[in-house]
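1. dropping the sequence and predicted coords here.
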Amino acid sequence: MISFSTNRLDIREVHVDAPQSELTELIACTPNILTQSVVENLPPYFHGIQSVEAARVWLDRMLSESRLLQIRFKDGSLIGFLFIHEGDSYEAHIGYLLAEEHWGIGLASELLPGFLDVVSSHSKWRKIVGGVDHANKASAHVLLKLGFTERSSDVPNVSFYEYDLHR
């Protein structure tokens, strides 16, 4: 289970067998996080999560397809998610999203180094890969600033960046 803290954040992996009260809270908060602005450049299954039932379906899908980490402020308020999809046994693809009201205050620049530190010493992965829509220049900037390098992509409007965990 992946779990770590930064100066302002507590990040913890969500499990299918988590207490029902935790899952209920995640489901209740998800529509407030997955707003139209937040999901604008994400795959279709992130869109239209405006009800508890839609959030439940979305959470079930995320938990079945990837490892899902919840991002919280130290006061316990849920502000976003980090997703990990394990490709081959040595590479993991990540994505993250934060509620719009928390954009632009350096949270991604705080979150990702903590994540990279934890997984570099506690995982079998050799590379972390992040895909970024061309319209999301801020995320691309964060990845490059942290030492990710751009790699070739044949996906329209998406750039991929990789980080070698064993530098």
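-> Looks like it came in fine. Residues are numbered from 1 along each chain as shown.
2. just the strands in this protein please.
-> 3-5, 9-14, 67-73, 78-86, 91-98, 127-133, 149-151, 158-164 (DSSP state E).
3. partners of the fourth one in the sheet?
-> Put plainly, it is strand 78-86. Strand pairing for strand 78-86, using DSSP bridges, gives strand 67-73 (antiparallel), strand 91-98 (antiparallel).
4. residues contacting residue 93?
-> 84-87, 128-131 (C-beta atoms under 8 Å, 6 or more residues apart in numbering). Placement of C-beta: from N, CA and C, glycine included.
5. quick revisit: adding mean pLDDT and distance to residue 124, write the strands paired with strand 78-86 out as TSV.
-> What follows is the strands paired with strand 78-86, written out as TSV (pLDDT from 0 to 100; distance: least, C-beta to C-beta, whole Å):
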stretch	mean pLDDT	distance to residue 124
strand 67-73	97	13
strand 91-98	95	9
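6. ok, which of those comes nearest residue 165?
-> Checking the strands paired with strand 78-86 against residue 165 by C-beta to C-beta gives strand 91-98 as the closest, at 9.2 Å.
7. put the alpha carbons of the closest one into CSV.
-> Output in CSV follows, covering the C-alpha atoms of strand 91-98 (Å, rounded to 0.1, in the frame of the first residue of the first chain):
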residue,chain,number,x,y,z
GLU,A,91,6.7,0.6,-15.8
ALA,A,92,3.8,2.5,-14.2
HIS,A,93,1.7,5.1,-15.9
ILE,A,94,0.4,7.8,-13.6
GLY,A,95,-2.2,10.6,-13.7
TYR,A,96,-3.3,13.0,-11.1
LEU,A,97,-6.0,15.6,-10.7
LEU,A,98,-6.8,18.2,-8.2
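8. what comes up buried for the longest helix along the chain?
-> If you go by DSSP state H, the chain has its longest helix at helix 107-122. For helix 107-122, a neighbour-count test (16 or more other C-beta atoms under 10 Å) marks 107-108, 111-112, 115-116, 119-120 as buried.
9. just curious, which of those residues is nearest to residue 3?
-> Closest approach between the buried residues of helix 107-122 and residue 3, by C-beta to C-beta: residue 115, at 10.7 Å.
10. from memory that closest one sits against residue 82, does it?
-> Yes. Using C-beta atoms under 8 Å, residue 115 is in contact with residue 82, at 6.6 Å.
11. where do the contact lists of the two overlap?
-> Common neighbours of residue 115 and residue 82 (C-beta under 8 Å, 6+ apart) are 11, 69, 94.
12. tell me the bridge partners for the last one.
-> Right, residue 94. What pairs with residue 94, by the bridge criterion (DSSP bridges), is residue 84, residue 130.
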